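In: sequence and predicted structure are below.
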Amino acid sequence: EPEVTQTPSHQVTQMGQEVILRCVPISNHLYFYWYRQILGQKVEFLVSFYNNEISEKSEIFDDQFSVERPDGSNFTLKIRSTKLEDSAMYFCASRGQESSYNEQFFGPGTRLTVL
Amino acid sequence: GQQLNQSPQSMFIQEGEDVSMNCTSSSIFNTWLWYKQDPGEGPVLLIALYKAGELTSNGRLTAQFGITRKDSFLNISASIPSDVGIYFCAGRRGAQKLVFGQGTRLTINP
């Protein structure tokens, strides 16, 4: 069964450093998303991406964040200068064709720890 | 912003018992979803609901989309050890983002 994959599974970085989280969505899916989950809290939407551009973003997704689909398979989330409060699980999700009945499939997540 | 209130926050039950949890919102959603999250994993979709009043089952799981479109519940019958985890409701209005509830942590005593 096709699945969303994410690398690395765990990233430890120093405050102020740049990190890139990588995702490989399900092949032939068209819509891509990033969510984050601070430890013990709910999953929060960050950004959605379709047709090579951001279609929606949340207040969390400020100028320090960017997303990119550099090739036909990868979807990345970059945090330019990490802060302590960026420590969280980051989930990538993808969705297929435009239809009200297609749902998002989530990857296993990347745990980001900012020291 | 849009918020989903999910209850209870946690449940401690005996194996074999039935479980019920629910979500309410002040806003209308067109789609209600229920996900399960195991430790260190991403959310896995359990049930999707698309029509107000819809009642849908997936094995021992049953979920309903409230008639007002502002609430949903999930029932698990005859719980087993592998049901342990965190259950999240999520609402979707259009084609894009999901709004998640705070989660219900289910613990089962054998």
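Out: Thanks, I have the structure now.
In: how about the closest residue to chain A within chain B, what does it touch?
Out: Taking Cβ to the nearest Cβ as the measure, chain B has residue B:42 as its residue closest to chain A, at 3.6 Å. Glycine gets a C-beta too; all of them are placed from N, C-alpha and C. By Cβ atoms under 8 Å, 6 or more residues apart in numbering or on different chains, residue B:42 lies in contact with A:4, A:91, A:93, A:106-109.
In: give me the neighbour count for the closest residue in space to it that isn't next to it in sequence.
Out: Once flanking residues are discounted, residue B:42 sits nearest to residue A:106: 3.6 Å by Cβ to Cβ, 6 or more residues apart in numbering or on different chains. Residues lying near residue A:106 (other Cβ atoms under 10 Å in any protein chain shown) number 24.
In: residue A:106 and residue A:89 touch, don't they?
Out: No. Contact criterion Cβ atoms under 8 Å: residue A:106 and residue A:89 do not qualify, at 10.6 Å.
In: so, low pLDDT: which residues of chain B?
Out: For chain B, applying pLDDT under 70 flags the ranges B:1-2, B:95.
In: picking that back up, okay, the contacts of residue B:42 in a markdown table with pLDDT next?
Out: Formatted as a markdown table, the contacts of residue B:42 follow (pLDDT from 0 to 100):
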| residue | pLDDT |
| --- | --- |
| A:4 | 94 |
| A:91 | 97 |
| A:93 | 95 |
| A:106 | 94 |
| A:107 | 95 |
| A:108 | 95 |
| A:109 | 96 |
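In: which one of those residues is nearest to chain B?
Out: Of all these, the one with the least separation from chain B (Cβ to the nearest Cβ) is residue A:106, at 3.6 Å.
In: could you measure from that closest one over to residue A:94?
Out: Distance of residue A:106 to residue A:94, given as Cβ to Cβ, to the nearest Å: 9 Å.
In: quick check: neighbours shared by these two?
Out: In terms of Cβ under 8 Å, 6+ apart, residue A:106 and residue A:94 are both contacted by the residues residue A:4.
In: the nearest residue to residue B:30 once chain neighbours are set aside: what's it in contact with?
Out: Computed as Cβ to Cβ, 6+ apart, the closest residue to residue B:30 that is not its neighbour in sequence is residue B:93, at 5.6 Å. Contact partners of residue B:93, counting by Cβ under 8 Å, 6+ apart, are B:2, B:27-31.
In: let's see that with 10 Å instead.
Out: Contacts of residue B:93 were listed using Cβ atoms under 10 Å, 6 or more residues apart in numbering or on different chains, and they are B:2, B:27-31, B:69, B:99.
In: which element is the spatially closest residue to residue B:43 that is not a sequence neighbour on?
Out: Nearest in space to residue B:43, with sequence neighbours left out and distances taken as Cβ to Cβ, 6+ apart, is residue B:35 at 3.7 Å. Here residue B:35 sits within strand B:31-37, counting by DSSP states H and E.
In: so in that sheet, which strands flank that strand, and in what orientation?
Out: Here strand B:31-37 has these sheet partners by DSSP bridges: strand B:44-49 (antiparallel), strand B:85-92 (antiparallel).
In: how many residues are close by residue A:30?
Out: By other Cβ under 10 Å, 14 other residues sit near residue A:30.
In: now do residue B:89
Out: Using other Cβ under 10 Å: residue B:89 sits among 32 other residues.
In: who's in contact with residue 19?
Out: Reading this off chain A. Residue A:19 neighbours (Cβ under 10 Å, 6+ apart): A:8, A:11-13, A:77-82, A:86, A:90, A:110, A:112, A:114.
In: hm, I was asking about chain B
Out: So residue B:19 contacts B:8, B:11, B:13, B:60-61, B:74-79, B:83, B:87, B:104, B:106, B:108 (Cβ under 10 Å, 6+ apart).
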